[in-house]
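Peer 1: Quick check, what structure comes out for this input:
(chains A and B)
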Amino acid sequence: RKEVEQDPGPFNVPEGATVAFNCTYSNSASQSFFWYRQDCRKEPKLLMSVYSSGNEDGRFTAQLNRASQYISLLIRDSKLSDSATYLCVVKVTGANNLFFGTGTRLTVIP
Amino acid sequence: DTEVTQTPKHLVMGMTNKKSLKCEQHMGHRAMYWYKQKAKKPPELMFVYSYEKLSINESVPSRFSPECPNSSLLNLHLHALQPEDSALYLCASSQATRNEKLFFGSGTQLSVL
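Peer 2: Residues are numbered from 1 along each chain as shown, chains lettered A, B, ... in the order given. Next up is the predicted model:
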């Protein structure tokens, strides 16, 4: 079983829509969670960390559900510039590396 | 703009060539990483350096040889690569290996002919 699993999409949504992605992780010792954004042929960039209490940054809201072992990313009022691949990333306690999900591809349509 | 600089941005090489990828960061980070990414796949970890010492080698073939000359620099030496090694090679850094926030360079798009 993969450490981190995501729906690869693609998600095609109109401008202004609200879209949500989920990501599940298999290791209960996972301690830290992140969403990275990657544009085509570019490097991944940290979008936001995910905290147990949930956190919000403008139109983006991230939440963590430890009981069900998933994290989510909600994007409100989608913009064309939100089109990208969103990578779910997890760090497991004691591990020196991060586990990446396969990414969810989002396309926002005019 | 990324604070991790990678050169070259693009590289085409034959299977008998020797080339090197370079990475530099001036954020005082003590952990540096090499990742390989194929199209529509997530990055795959290759090597981790912590305080200039190799701490993780994810069973990478010996035709890839990492080098960390100092805390700011990370190289990846390439020799006798195969066409299936064509990919985007990403360098990243973090404050320490315990620190999870990675800063990626813009990558080197490598094509092996």
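Peer 1: residues contacting residue B:30?
Peer 2: Neighbouring residues of residue B:30 by Cβ atoms under 8 Å, 6 or more residues apart in numbering or on different chains: B:50-51, B:71, B:95-96. Using the backbone N, CA and C atoms, a C-beta is placed for each residue, glycine as well.
Peer 1: Give me the buried subset of those residues.
Peer 2: Among the contacts of residue B:30, those buried by neighbour count (16 or more other Cβ atoms under 10 Å in any protein chain shown) are B:50, B:71.
Peer 1: Also within reach of chain A: list those from the contacts of residue B:30.
Peer 2: residue B:50 (Cβ under 8 Å from any Cβ of the partner chain).
Peer 1: Which member of the contacts of residue B:30 is positioned nearest chain A?
Peer 2: Proximity of these to chain A (Cβ to the nearest Cβ) peaks at residue B:50, which lies at 7.4 Å.
Peer 1: So what pairs up with that closest one in the strands?
Peer 2: Using DSSP bridges, the bridge partners assigned to residue B:50 are residue B:31, residue B:53.
Peer 1: repeat for residue B:36
Peer 2: residue B:44, residue B:89.
Peer 1: which residues does residue B:64 form a beta bridge with?
Peer 2: residue B:78.
Peer 1: which residues does it contact?
Peer 2: B:34, B:46-47, B:76-78, B:85.
Peer 1: redo that, cut-off 10 Å
Peer 2: B:21, B:34, B:36, B:46-47, B:57, B:76-79, B:81, B:85, B:89 (Cβ atoms under 10 Å, 6 or more residues apart in numbering or on different chains).
Peer 1: Save these as TSV, and put in distance to residue A:88, pLDDT and neighbour count too.
Peer 2: Shown next, in TSV, are the contacts of residue B:64 (distance: Cβ to Cβ, whole Å; pLDDT from 0 to 100; neighbours: other Cβ atoms under 10 Å in any protein chain shown):
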residue	distance to residue A:88	pLDDT	neighbour count
B:21	27	98	23
B:34	21	96	25
B:36	19	97	20
B:46	21	95	20
B:47	23	95	22
B:57	25	87	14
B:76	26	98	23
B:77	32	97	13
B:78	30	97	21
B:79	35	95	15
B:81	30	94	22
B:85	27	97	19
B:89	22	98	24
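Peer 1: Determine which two of those residues are furthest apart.
Peer 2: Longest distance between any two of those is 17.2 Å, between B:57 and B:81; criterion Cβ to Cβ.
Peer 1: So, low pLDDT: which residues of the chain?
Peer 2: Reading this off chain A. A:96 (pLDDT under 70).
Peer 1: should've been chain B
Peer 2: Ranges of chain B meeting pLDDT under 70: B:1-2, B:99.
Peer 1: For it, which segments count as helices?
Peer 2: Taking DSSP state H as the criterion, chain B contains no helices.
Peer 1: where does chain A come near chain B, residue by residue?
Peer 2: Counting by Cβ under 10 Å from any Cβ of the partner chain, chain A comes close to chain B at A:4, A:6, A:8, A:31-34, A:36, A:38, A:40-46, A:49, A:85, A:87-91, A:95-103, A:105.
Peer 1: show me where chain A has strands.
Peer 2: A:4-6, A:11-14, A:19-25, A:30-38, A:44-50, A:55-57, A:60-65, A:70-75, A:84-92, A:98-100, A:104-109 (DSSP state E).
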